[in-house]
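Trainee: sequence and predicted model, in that order:
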Amino acid sequence: MRTWEIGRKTLWLDEAFSVWLARHPLGEMLAWIARLDQHPPLYYMLLHFWIRLVGDGPAAVRLLSALLSTLAIPAVYCLGRRLLGPTGGVLAALILALSPFHVRFAQETRMYALLTLNASLALLALTHLRRGPRPGAAPGTARAWIGYVVFTAATMLTHHTALLFLLAVNLFALGSVLWRRLRIPHAPSLTSWLLAQLAVLMLWSPWLTAFIGQAAGVEREFWIPAPTFAAVIAALKTFLSDMLPPLAGRSDLIWAGYVVLGGLGIAALRKRGPVLALLVVLFLTPIGGELLVSLRRPVFYDRTLIWATIPLYLVLAAGIAHLRRRPFVVAALGLVVTANAASLHEYYANFQKEEWDRAAGYVAARADDDDLLLFNATWVQIPFDYYFRAYGRTLAERGAPTDLFARGVLEPKMTESDLPRLRALLAGQRRVWLIYSHNWYTDPQGLIPAALAQEFALSEMRRFVGLEVRLYERAAR
């Protein structure tokens, strides 16, 4: 499922940006990430070496995510087996394997599959710290401590919102100490735990300075809208069955079925207080943390919460296992399989990404050698060039309000103060191709097409998914 037609959909803006970064020498790549991006470097570093091995075609660069997402399935099985028993492990792994949300990001050249895998492995190591690698064994073996430290740090170096992962596990550890009913049987000592947290922070600390700069950039301006109650509910539905179609009005029954399974899972885990507490804290902390941060600067976004699906799927697995009678189990599995099969069909058949390949081919077939290519959001030049290079055309390329990353800003907005520079770029040009995308954020006033319309006539306009291509020609005198 994770490799089915993996190269068919076009690389969209963020994916092409990942490839653009990963193509750079390692030192330059790290400098660009710290200067422009809002993410830590681990995924980009893996992609850098992956591209050296397999190339940078769409299927090749996405295959890394597919592999990482697939590896998360046995990790979640082992985690579920330790927390819920063998049946729970199988069910949790099945839910993850069938998840349209995870299949989608298994086919995307971004860090979310790696985030899921690292968080799963960190949690698996955490469960070994609780009881040891075998029933009755002493907790805190060297391999378990190393695994917890390495994979927790790796999670934090994959996405900055994973700082909430560290917060969640420490809230659980603190609760187990302060609230006797949550005390973990055979838990490691408090000193060992604090030393492990220090080791995690030490592994993450080389990125601390860059993180502060990236966080300051997000604080100044970011594109994510303020979350609403509807957005939170939509995110939860995305976790369960992303892109679920209406199904002739039966989708509400499916969502109700998921609620019932979740309730059954909580009921089944009530007698296992530490397990239930761990899963609840792991699920609520990232959601509540992003909502809290969003009071100052909106950051709530379903894909950044992808690791919160792990405790959710474990609770659902506990709910299905709690049914016990075979007809009820079959009915519950039928609900999950039916919902996810319909959602996966919707993803494979109808979900579209930005059509940079078609736009590049359209321009390559019609452009003259002295034409100017003008990009409104500047970094949309990256996905366009990714496909345009295949045609062997060399045309002048400029950006508005500035050339690509000339200001050290990922998404600079067009303002009226930028119009003199734009007019200077247009002076003497006979034909200008405007590659217009993400203008809702970078050119909300429509200043660029308005300026072009003052000097040129619009002779062609072609809409593609996620962008427009416009050809402006100066009237002959």
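Mentor: It's in.

Trainee: output stretch 422-435 as CSV - backbone C-alpha positions only.
Mentor: Output of stretch 422-435 as CSV, limited to C-alpha atoms (Å, rounded to 0.1, in the frame of the first residue of the first chain):
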residue,chain,number,x,y,z
LEU,A,422,9.3,44.5,-10.2
ARG,A,423,8.8,47.3,-12.8
ALA,A,424,12.6,47.4,-13.3
LEU,A,425,12.6,43.6,-14.0
LEU,A,426,9.9,44.0,-16.6
ALA,A,427,11.6,46.9,-18.4
GLY,A,428,12.6,45.8,-21.9
GLN,A,429,10.9,42.4,-21.7
ARG,A,430,8.8,41.3,-24.7
ARG,A,431,7.1,38.3,-23.0
VAL,A,432,6.8,37.3,-19.4
TRP,A,433,5.6,34.0,-18.0
LEU,A,434,4.1,34.4,-14.5
ILE,A,435,4.2,31.2,-12.5
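
Trainee: how about it, which residues are buried there?
Mentor: 422, 425-426, 429, 431-435 (16 or more other CB atoms under 10 Å). All C-beta spots, glycine's among them, are computed from the backbone N, C-alpha and C.

Trainee: do stretch 340-349 as well
Mentor: For stretch 340-349, the neighbour count (16+ other CB under 10 Å) marks 340, 342-344, 346-348 as buried.

Trainee: ok, stretch 152-164 next?
Mentor: Buried residues in stretch 152-164 (16+ other CB under 10 Å): 152-162, 164.

Trainee: which one of these sits closest to Thr304?
Mentor: Nearest to Thr304 among those, counting by CB to CB, is Thr161 at 4.6 Å.

Trainee: find me the pLDDT at the closest one, would you?
Mentor: Predicted confidence (pLDDT) for Thr161: 93.

Trainee: hang on, isn't it packed against Thr304?
Mentor: Yes. Counting by CB atoms under 8 Å, Thr161 does reach Thr304; the two are 4.6 Å apart.

Trainee: need the residues touching each of the two.
Mentor: Counting by CB atoms under 8 Å, 6 or more residues apart in numbering, the shared contacts of Thr161 and Thr304 are Glu290.

Trainee: output stretch 88-97 as CSV, nothing but the C-alphas.
Mentor: C-alpha atoms of stretch 88-97 as CSV (Å, rounded to 0.1, in the frame of the first residue of the first chain):
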residue,chain,number,x,y,z
GLY,A,88,-3.5,-6.1,20.9
GLY,A,89,-0.2,-5.9,19.2
VAL,A,90,-1.5,-7.5,16.0
LEU,A,91,-4.6,-5.2,16.0
ALA,A,92,-2.5,-2.1,16.6
ALA,A,93,-0.2,-3.0,13.8
LEU,A,94,-3.1,-3.7,11.5
ILE,A,95,-4.7,-0.4,12.2
LEU,A,96,-1.4,1.4,11.4
ALA,A,97,-0.8,-0.6,8.3
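
Trainee: show me what the lowest-mean-pLDDT helix or strand in the chain is packed against.
Mentor: For the chain, counting by mean pLDDT, DSSP states H and E, helix 163-178 ranks last in confidence among helices and strands (a mean of 88). Other elements packing on helix 163-178 under the criterion 3 or more CB pairs under 8 Å, 6 or more residues apart in numbering; DSSP states H and E are helix 112-131, helix 142-156, helix 190-204, helix 273-293.

Trainee: returning to what we had before: turn the buried residues of stretch 340-349 into JSON lines, including secondary structure and distance to Gly466.
Mentor: JSON lines is the format used below for these (DSSP: H, G, I helix; E, B strand; the rest coil; distance: CB to CB, whole Å):
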{"residue": "Asn340", "secondary structure": "helix", "distance to Gly466": "26"}
{"residue": "Ala342", "secondary structure": "helix", "distance to Gly466": "25"}
{"residue": "Ser343", "secondary structure": "helix", "distance to Gly466": "22"}
{"residue": "Leu344", "secondary structure": "helix", "distance to Gly466": "22"}
{"residue": "Glu346", "secondary structure": "helix", "distance to Gly466": "18"}
{"residue": "Tyr347", "secondary structure": "helix", "distance to Gly466": "17"}
{"residue": "Tyr348", "secondary structure": "helix", "distance to Gly466": "19"}
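
Trainee: ok, for Gly263, nearest residue in space, not its chain neighbours?
Mentor: Gly319 (7.1 Å; CB to CB, 6 or more residues apart in numbering).

Trainee: in this protein, which helix is the longest?
Mentor: Longest helix in the chain by number of residues, with DSSP state H as the criterion: helix 58-84.

Trainee: could you say what helices and strands the following helix or strand past that helix packs with?
Mentor: Later in the chain than helix 58-84, the nearest helix or strand by DSSP states H and E is helix 86-98. Here helix 86-98 touches helix 58-84, helix 309-323, helix 326-350, going by 3+ CB pairs under 8 Å, 6+ apart.

Trainee: most tightly packed of these?
Mentor: Among the helices and strands packed on helix 86-98, helix 309-323 has the highest mean neighbour count (mean count of other CB atoms under 10 Å), at a mean of 24.

Trainee: buried stuff in stretch 208-221?
Mentor: 210-211, 214, 217-218.

Trainee: rebuild those residues as CSV, extending it with pLDDT, secondary structure and distance to Thr70.
Mentor: Output for these, formatted as CSV (pLDDT from 0 to 100; DSSP: H, G, I helix; E, B strand; the rest coil; distance: CB to CB, whole Å):
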residue, pLDDT, secondary structure, distance to Thr70
Ala210, 96, helix, 30
Phe211, 96, helix, 29
Gln214, 94, helix, 30
Gly217, 89, helix, 34
Val218, 90, helix, 31
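
Trainee: pLDDT averaged over the longest helix of the chain, what's the number?
Mentor: Mean predicted lDDT for helix 58-84 stands at 97.

Trainee: how far does it sit from its chain's centre?
Mentor: Distance of helix 58-84 from the chain centroid (CA atoms, centre = their mean, to the nearest Å) equals 15 Å.

Trainee: burial count for Tyr436?
Mentor: Applying other CB atoms under 10 Å, we find 22 other residues in the vicinity of Tyr436.
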